[in-house]
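Colleague: Here is my input, please return the structure:
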Amino acid sequence: MQFEKGERVKNRKMADWGVGEILESFARQKYRVFFVNAGEKTIDSTVADLIRLTGKDAQHPLLDNLRLPGFKKKAQFKTFHQKVDLFLQLFPKGFYDDEYLKDERGYKIEAHELMSSILGEMQMSEKIKAKNYDEICSGALRVVNKTNLIFPNEKMALKDGLQETENKKCFAETLNDLLYGKGEFSGRFRQFASCLESIDASKWTIQTYFPYITFPDEHMFMKPSVTQLAADAFAFELNYKSDLNWESYKTLLKFSRYVGDELSKYEDYLKPRDMIDIQSFIWCSVPGKYNP
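Modeller: Numbering: from 1, shown residues only. Predicted coordinates for the structure are as follows:
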């Protein structure tokens, strides 16, 4: 049986490799194939038992967003099982490990609770109506300073950008709309990005921090360097661009949901409660990058 580039296959002799995609064909029925649970393999189809997959059997979110070739050398592909093993070396009881709760989850939950208490939907609405932009901005800075997720120089850029009255108004109104507005989130995302650019605080960490802390069930935090390394290690095409743009963020959400869905197949202590757990797992999946 002959296969074409892009076709999805399975090796029945190595079923645990999962779904594969033909990357390249050679003479004598040899193929370069990427398998979701084994990475890249060179397969001799006269020896292996390759079968063509179609329909639902051929679908897989990783292959639909496959990043090949050219991983960064520091973040070569590792299977999901390998990433889980690495995470459990750090936190043997998974997302319920005492060290995990102390070093990774606890302080983010505290920031979430602070955000809910001082800049929840009702409080923000009242402050916007009263044009109390100073209080919104100072509250936002308090929430930012509650964690170490944003670099100190980026925190300073936001603080400096919020010195002018007009900048405070822009930030407060677009932040309120980003979090609690009624229109499509993509449009609200772009408006907040434009405001950050206008106050010289256009950073992915600031752009994604507030949705992530406010709604950890839905939104993900982006720290560009480590997120790109992690995506490379997963072989997932992140479509990252340095400028704040909706397409990159939409792909980040897709990547995060893929990781969450895969984790949900494991034992209960590895089932993520929200994006906080998923973000921590992604962070820890890059060897040498985790530093609690």
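
Colleague: Going by C-alpha atoms from here, please, whenever you check contacts or count neighbours.
Modeller: OK.

Colleague: next one: the helix or strand of the chain with the lowest mean pLDDT to chain centre, how far?
Modeller: One helix or strand of the chain scores below all others by mean pLDDT, DSSP states H and E: helix 224-234, with a mean of 89. Relative to the chain's own centre, helix 224-234 is displaced by 9 Å; criterion: CA atoms, centre = their mean, to the nearest Å.

Colleague: buried stuff in the helix or strand just after it?
Modeller: Next along the chain after helix 224-234, taking DSSP states H and E as the criterion, comes helix 246-263. Residues of helix 246-263 classed as buried: 246, 248-260, 263 (neighbour count, 16 or more other CA atoms under 10 Å).

Colleague: cool, stretch 153-165 as well?
Modeller: Neighbour count says stretch 153-165 has 154-155, 157-159, 161-162 buried, by 16+ other CA under 10 Å.

Colleague: Let me see the ranges of the strands in the stretch 1-150 of the chain.
Modeller: For the stretch 1-150 of the chain, applying DSSP state E, counting those that start in this stretch gives strands covering 8-11, 20-25, 30-35, 39-44, 50-52.

Colleague: So for residue 226, which of these sits nearest?
Modeller: Relative to residue 226, the nearest member of those by CA to CA is strand 39-44, separated by 21.0 Å.

Colleague: ok so, going back, report the two of the buried residues of helix 246-263 separated the most.
Modeller: Comparing all pairs in these by CA to CA, the longest separation belongs to 246 and 263, at 25.7 Å.

Colleague: nearest residue to residue 62 other than its sequence neighbours?
Modeller: residue 236 (6.1 Å; CA to CA, 6 or more residues apart in numbering).

Colleague: Show me what the one you found is bridged to.
Modeller: Beta-bridge partners recorded for residue 236 (DSSP bridges): residue 66.

Colleague: Pull the number of nearby residues for it.
Modeller: Neighbour count for residue 236, taken as other CA atoms under 10 Å: 24.

Colleague: Test my guess that it contacts residue 78.
Modeller: No: taking CA atoms under 8 Å as the definition, residue 236 is not a contact partner of residue 78, at 11.4 Å.

Colleague: Low-confidence stretches in the stretch 51-200 of the chain?
Modeller: For the stretch 51-200 of the chain, the stretches flagged by pLDDT under 70 are 69-76.
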